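Peer 1: here is my input; please provide its structure:
(one chain, ligands or ions: 2)
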Amino acid sequence: MSDLDATTPDATTPDTMTPDATTFDAMTSDAAALDAADELRAKRAAFALDDLAEGAYLDGNSLGALPRAVAGRLADVVEREWGRLRIRSWDESGWWTAPERVGDRIGRLVGAAPGQVVVGDSTSVNVFKAVVAAVRMAGEERDEILVDEATFPTDGYIAESAARLTGRTLRPVAAGDLPAALGPRTAVALVNHVDYRTGRLHDLPGTTAAAHAAGALVVWDLCHSAGALPVGLDAHGVDLAVGCTYKYLNGGPGSPAYLYVRRELQDRFDSPLPGWNSHADPFAMAPAYAPAEGAARGRVGTPDILSLLALEAALDVWDDVRVETVRAKSLALTDFFLRRVEEYVPKGRLECLTPTPHGERGSQVSLRCPDAGEVMAELVRRGVVGDFRRPDVLRFGFTPLYTSFADAERAARVLADVLAEVPGP
Ligand SMILES: Cc1ncc(COP(=O)(O)O)c(C=O)c1O
Ligand SMILES: Nc1c(O)cccc1C(=O)C[C@H](N)C(=O)O
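Peer 2: Ligands and ions are numbered 1, 2, ... in the order given. Below you'll find the model as predicted:
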């Protein structure tokens, strides 16, 4: 945890003084120069963000912006595929196989070779499938499930229920302490790759290796990392992973989540929700369940086609983008924003919860102040949209496909103005 109070002051900005107009001009042109050199700058035009000239949308870590192409594609799905082809679309429009097809496209973004990711259901439901299946794979003698103690709540609730259903004990552990906590009793550890509150990036390669050394499995929740940084699921031998698609993947409100099951584990993946869609021969309508091969084993019921195909259209913006480029810009944006906040905001007013080392940072900046609720409400009124997480956290998400350095500059200035006007505790 770093404290903006404790960081080195910039030579041009004495302790509590806001920069003057000339300094502001220079800072605006710094942002413009960074935007001009940005390899991803043309991508912003692919998103519906025209109304934001004066503000900044820094909430893509909660709901990604709308890719323009989605509306036209959805109209086609509704009018032609559903409206005219009707039931023929399950085959002729590729509806039936969309969960695996879209899964492969997400797979590319999280480092999974084709055939291991399936899209459907919510992250919560996929956490359930993954944790229970992992416990079943781990064997009877392993009686403990570990969960990252700062987890996004849904993962904790589901892990607790999974523990009760499978007769295991749930033990919350700080993500950084997991390697030491894993042992012969551990069936599975459920960990968030990036902490939703602080933006801390957890050590996926190290924790996965430690789990394997202990003979345990690990389930990663990628909600706050997929589309923001390279994950390397295959490269690091991850067992299972889940994630949502409405944040950095811009799939839209409630767009379906995904489940990754490493190829070598697929035959042993025994789903706790074996619906007819994951049957080896769904249209046999057989009374006895026989699981499908491959990623399809993670399916449950009929896919949510409208949301799934909106997501597929949203993923087109990634076709010519490397995740490494996105990561480089994400770090540059969050560095830039942190620098500006340090320069503009009087010392002691904010505490930074997001780690400074690049290897420990996701794509958001979380700043703590006691009156964060009031401050964020005022920021939103002035067009700078981040979010507030109770009791005292301001969260700013940076989506490199569309966030500009000018956005970061404006957001830092408006934040400083608001903090100067809102009296504080
Ligand atoms: C880390 C994490 N996991 C899970 C969820 C929730 O997933 P869902 O609502 O898709 O079940 C979220 C956000 O809503 C999240 O940030
Ligand atoms: N899924 C959300 C929703 O349906 C409404 C509002 C916010 C969300 C979120 O995604 C919250 C988010 N996961 C978070 O990190 O706080």
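Peer 1: for this protein, which strand is longest?
Peer 2: For the chain, the strand with the greatest residue count under DSSP state E is strand 186-192.
Peer 1: and Val125, how far from Leu259?
Peer 2: Distance of Val125 to Leu259, given as C-beta to C-beta, to the nearest Å: 9 Å. For the C-beta atoms, the positions are set from N, CA and C on the backbone; glycine is no exception.
Peer 1: before we move on, what about Asp91?
Peer 2: From Asp91 to Leu259 the distance is 24 Å (C-beta to C-beta).
Peer 1: more neighbours: which of these two?
Peer 2: Neighbour count, other C-beta atoms under 10 Å: between Asp91 and Leu259, Leu259 has more, with 30 against 11.
Peer 1: which residues touch that one?
Peer 2: 117-118, 120-121, 126, 129-130, 240-242, 295, 298 (C-beta atoms under 8 Å, 6 or more residues apart in numbering).
Peer 1: do the same with Gly232
Peer 2: Here Gly232 is in contact with 110-111, 204-205 (C-beta under 8 Å, 6+ apart).
Peer 1: pull the CA atoms of stretch 346-354 into PDB?
Peer 2: The C-alpha trace of stretch 346-354 is given here as PDB (Å, rounded to 0.1, in the frame of the first residue of the first chain):
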ATOM      1  CA  PRO A 346      -2.700  18.300  -1.700                       C
ATOM      2  CA  LYS A 347      -0.700  15.800   0.300                       C
ATOM      3  CA  GLY A 348      -2.400  13.700   2.900                       C
ATOM      4  CA  ARG A 349      -5.800  14.000   1.200                       C
ATOM      5  CA  LEU A 350      -5.600  10.500  -0.500                       C
ATOM      6  CA  GLU A 351      -4.000   7.200   0.100                       C
ATOM      7  CA  CYS A 352      -3.200   5.000  -2.800                       C
ATOM      8  CA  LEU A 353      -4.300   1.400  -2.400                       C
ATOM      9  CA  THR A 354      -3.000   0.200  -5.700                       C
END
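Peer 1: just the mean pLDDT for that stretch, thanks.
Peer 2: Per-residue pLDDT values across stretch 346-354 average out to 96.
Peer 1: list the buried ones in it?
Peer 2: 346, 349-354 (16 or more other C-beta atoms under 10 Å).
Peer 1: anything in that stretch near ligand 2?
Peer 2: No - with C-beta under 6 Å from any ligand atom as the criterion, ligand 2 is not reached by stretch 346-354; the gap is at least 13.6 Å.
Peer 1: host element of Ala420?
Peer 2: In the assignment (DSSP states H and E), Ala420 maps to helix 405-421.
Peer 1: partner residues bridging Arg361?
Peer 2: Taking DSSP bridges, one obtains Arg200 as the residues bridged to Arg361.
Peer 1: what's the answer for Leu367, then?
Peer 2: Taking DSSP bridges as the rule, Leu367 bridges to Cys352, Leu394.
Peer 1: hang on, it packs against Cys352?
Peer 2: Yes - between Leu367 and Cys352 there is a contact at 5.8 Å, judged by C-beta atoms under 8 Å.
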